[in-house]
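[1] Here you go, sequence then predicted model.
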Amino acid sequence: MPHLRAARLRFYPRREIRFILAFALLGTLFDGAELNLIGFPLAYISDGLHVSTIALITVATVQGFASILGGFVFGTLGDTLGRRRTFAISVLAFGVAATLGGLATNHEMFLLTRVLAGVGMGGLFGLSFSMFTECWQTTKRGTMGGIIQSMYFVGEILTAGLIYLFLSTLGHDLGWRAGYVAIGLISLVIGAAALKLLPESKQWLAYQEHRRNGTLPPELRRSKVPVIDIFRPRFVYGTVLFMILSTAMFLTTNSVGAYLSTYLLRTQQLPLDTVSLIVLFGYVSTIITYSAAGFISDRIRRKYAFTAACVFGAIGFVWFLSLLTSGHAQITGAFWTAPAFWALMMCAGGAGGFGVLGVWMSEFFPTRIRSTGSSASYYVGRGLGAGVFPLFALTLAGTVPFALALGIIGPLAGVLFSVLTPDRTGRTIADLE
């Protein structure tokens, strides 16, 4: 089939690559912003809605389960409806959910907005990395992928900064609400811009053309429901392992994200400005390890860079847990002198495997099911690690500090399962594969 093979490679003008890269960066930024909308102002949302901390952790759990549904739904739409339109719908759904969340008058209404956010954001990770991987045909795909994933924590930083600004100027209850509405409105603008400016994947368009023309070989035909394909014998092993690795990374990052600010505010009795600064340092630590892991993955393969990041995080959690059990985990205003602070920075950096995971998964799945496979794997992990685990950890540990320390399960699982996961580092991405 020489006519098919000749059509396999697709090249993008620089202008289109810039737009795709810009929206991929924004996609992971919004993904991080959405998760931090509960974690950072948790104590103030709790007071404003007159509910307990455990009730809001339950909201995060339900939102996590909703993101699993969103991962399958929007991942499938990305492979059937197209990357561009599905991406725009996801961002618009997040914008609507954030805006309504800021206007919520009770726990039930707030819960519904978080469910909408969870479903709506279910496609952004898979779509962002599908679009990027399909246009970025260079040997430095891992490096740029790490930078893209770093935007996740840029999103968390911007969210924390914006909410902190509103909390400081408008008070605790009105402040978090104004932050939600502002972030929601910005998201609506970006979603509308994606419909106009974001180029569609050339590989996806070419594959769709082959489907319409009936020129696809039988082994390259996609099911009407691509979810079926990611569990076929050829892909099920990788799909399941990527779900496990994604869960491991969310266990790592969410043990810190869900509990760090509450731990510092309630247990260590630190003021809000000091807490915000420590949280910011945690984000910076993670951004550095994301970028470093992506850079290293271009040189020693994705799986080994992922393993190295997990080892780094495991050391941090062991250190923090030892400080807790020995009674030496105190953090004061001069936080940089406290060993617990540096241990927590290593815990935060242990999520650096995320800097590898997006590209790793996108290189494993072929064009016809790339969005479905990446989104489903990532958001199953998000639902379990970011949704179920924080509630389970608090129930099991009994206190916020030890719930945070239980995040050690994540990097340990990452070390174990990363060595078993298939790796196709640096392969050429085509429409027919």
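    Noted; the coordinates are in hand. Residues are numbered from 1 along each chain as shown.
[2] tell me which strands and helices the one helix or strand residue 360 maps to is in contact with?
    Per DSSP states H and E, residue 360 falls inside helix 354-364. In terms of contacts (3 or more Cβ pairs under 8 Å, 6 or more residues apart in numbering; DSSP states H and E), helix 354-364 is packed against helix 124-135, helix 141-170, helix 236-262, helix 272-300, helix 302-326, helix 370-382. (Each C-beta comes from the backbone N, C-alpha and C, glycine too.)
[3] now the stretch 51-200 of the chain, which segments are flagged as low pLDDT?
    For the stretch 51-200 of the chain, applying pLDDT under 70 flags no range at all.
[4] quick one on the thing from earlier: got the buried residues for the helix holding residue 360?
    Neighbour counts over helix 354-364 (16 or more other Cβ atoms under 10 Å) mark 354, 355, 356, 357, 358, 359, 360, 361, 362, 363, 364 as buried.
[5] quick check: angle from it to helix 302-326?
    In terms of direction (axes from the mean of the first three to the mean of the last three Cα atoms, to 10 degrees), helix 354-364 departs from helix 302-326 by 150 degrees.
[6] can you state the direction angle for helix 354-364 and helix 141-170?
    130 degrees.
[7] before we move on, the earlier item: residue 98 is nearest to which of the helices and strands packed on helix 354-364?
    Between residue 98 and the helices and strands packed on helix 354-364, the shortest separation by Cβ to Cβ is 9.7 Å, and it involves helix 141-170.
[8] which parts of that closest one are buried?
    Neighbour counts over helix 141-170 (16+ other Cβ under 10 Å) mark 141-160, 162-164, 166-167 as buried.
[9] swap in stretch 379-386?
    Quick answer for stretch 379-386 (16+ other Cβ under 10 Å): 379, 380, 381, 382, 383, 384, 385, 386.
[10] What backbone torsions are found at residue 214?
    Backbone geometry at residue 214, expressed as degrees, to the nearest 10, gives phi 70, psi 30.
[11] Could you tell me how far it is located from residue 221?
    Going from residue 214 to residue 221 by Cβ to Cβ, to the nearest Å gives 10 Å.
[12] go on, residue 27?
    Relative to residue 221, and taking Cβ to Cβ, residue 27 is found at 29 Å.
[13] The two: which has the busier surroundings?
    Counted by other Cβ atoms under 10 Å, residue 27 and residue 221 do not tie: residue 27 has more neighbours, with 29 against 12.
[14] Which of the helices or strands spans that one?
    Going by DSSP H and E, residue 27 is in helix 14-39.
[15] would you put the C-alpha positions of the next helix or strand after that helix in PDB?
    Next along the chain after helix 14-39, taking DSSP H and E as the criterion, comes helix 42-49. The C-alpha trace of helix 42-49 is given here as PDB (Å, rounded to 0.1, in the frame of the first residue of the first chain):
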ATOM      1  CA  LEU A  42     -10.200  24.700  51.500                       C
ATOM      2  CA  ALA A  43     -10.300  26.100  55.000                       C
ATOM      3  CA  TYR A  44     -12.100  29.200  53.800                       C
ATOM      4  CA  ILE A  45     -14.600  27.400  51.600                       C
ATOM      5  CA  SER A  46     -15.300  25.200  54.600                       C
ATOM      6  CA  ASP A  47     -16.100  28.200  56.700                       C
ATOM      7  CA  GLY A  48     -18.100  30.000  53.900                       C
ATOM      8  CA  LEU A  49     -20.300  27.000  53.200                       C
END
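[16] Give me the buried positions along the helix or strand following helix 42-49.
    Counting by DSSP H and E, the element after helix 42-49 in chain order, helix or strand, is helix 53-80. Neighbour counts using 16+ other Cβ under 10 Å place 53, 56-68, 70-80 of helix 53-80 among the buried residues.
[17] quick one, helix 53-80 and helix 370-382 angle?
    Using the same axes, to 10 degrees: helix 53-80 against helix 370-382 is 170 degrees.
[18] Please give the centre-to-centre distance between helix 53-80 and its chain.
    12 Å (Cα atoms, centre = their mean, to the nearest Å).
[19] picking up where we left off before, of the buried residues of stretch 379-386, which is the nearest to residue 182?
    For the buried residues of stretch 379-386, with residue 182 as the reference and Cβ to Cβ as the criterion, the closest is residue 386, at 23.2 Å.
[20] That closest one against residue 64, yeah?
    Yes - using Cβ atoms under 8 Å, residue 386 makes contact with residue 64 at a distance of 4.9 Å.
[21] would you list the helices and strands packed on helix 354-364 in TSV and tack on distance to residue 192?
    As requested, the helices and strands packed on helix 354-364 are arranged in TSV below (distance: least, Cβ to Cβ, whole Å):
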stretch	distance to residue 192
helix 124-135	16
helix 141-170	19
helix 236-262	29
helix 272-300	28
helix 302-326	35
helix 370-382	21
